[in-house]
Structures are given as structure tokens and as C-alpha cells.
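**Q** Structure of the sequence below:
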Amino acid sequence: QVQLVESGGTLVQPGGSLKLSCEFSGPTDGRAFSNYFMGWFRQAPGKEREFVATISWDGGITNYGEFVKGRFTISRDNRKNTVYLQMNNLQPEDTAVYYCNTVKAWTTQPLSGDWGQGTQVTVSS
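**A** I've put the predicted structure just below:
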């Protein structure tokens, strides 16, 4: 079973920036991190979890939710088994718990139904 640990969330003012990290470990089938598409998702209070961004095995292909509008960048370091989400020009509507997960290749669908604890991002003045 894959283990995912998100970090980097905090309180930030509107217009500010944050970089989230997600460390991957422990797949029981021995598959390396570089064998997985990865994604970021978020869940705001009272709303369903939504897709934020995905990245291909080698980082060469990325995909973003429409609301991102060029503000976020997903990246990965396969040597460190870590996926990142750089978020710029944050707005109050970006307030949510952010999660990472493995993703079905070429889709925005989580591969696993297991989620980590997430990291809270709060955008407020």
C-alpha cells in the first residue's frame, strides 16, 4: 500500500504563494514512484474533493483544473519520491485541504481510494 504524506499548507494572505510537498513511500508491489502518474486534489468545507493537477511519470506532461488558470505548477522529483504543487496568487476560494494521490494514467482519477491526512491551506487576510 502506498503511503503519502502531504506538507506545506498554512495560512497565507490573498495574492500570496505556497509550495506543497507530497512524499511517496511503501508500495507493497515494489513499484517505484517513477512508475506512477501523480496528482493533487483538494476539498473545501462542504464541497466534494476536486482535481487540481496531474503529472506524468517523468514530469513531461501536466494537466490542471480549469480554476487554476496558470497560477499553479505541479512538478516532481523522482530521486526524492516527491511531488510538489507551487501555488501563486492564492485567493480565498483556494482555501481547502490539499491531498496528493497516485492517478490512473492519462486521467484525473485517483488510482487508490486511500488518502493521506492532507495539508490545510487557508487563504485569508
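**Q** Please enumerate the strands of this protein.
**A** Along the chain, counting by DSSP state E, strands occupy 3-7, 11-12, 18-25, 37-43, 50-55, 62-64, 72-77, 82-87, 96-103, 119-123.
**Q** Can you list the strands that the second one pairs with?
**A** What that stands for is strand 11-12. Paired strands of strand 11-12, with direction, are strand 119-123 (parallel) (DSSP bridges).
**Q** what angle separates the partner strand from strand 18-25?
**A** Angle of strand 119-123 versus strand 18-25, following axes from the mean of the first three to the mean of the last three CA atoms, to 10 degrees, is 170 degrees.
**Q** just the angle between strand 119-123 and strand 82-87, please?
**A** Between strand 119-123 and strand 82-87, the angle comes out at 10 degrees (the same axes, to 10 degrees).
**Q** and Cys22, how many neighbours?
**A** The number of residues packed near Cys22 is 25, by other CB atoms under 10 Å. C-betas here are computed from N, CA, C, even on glycine.
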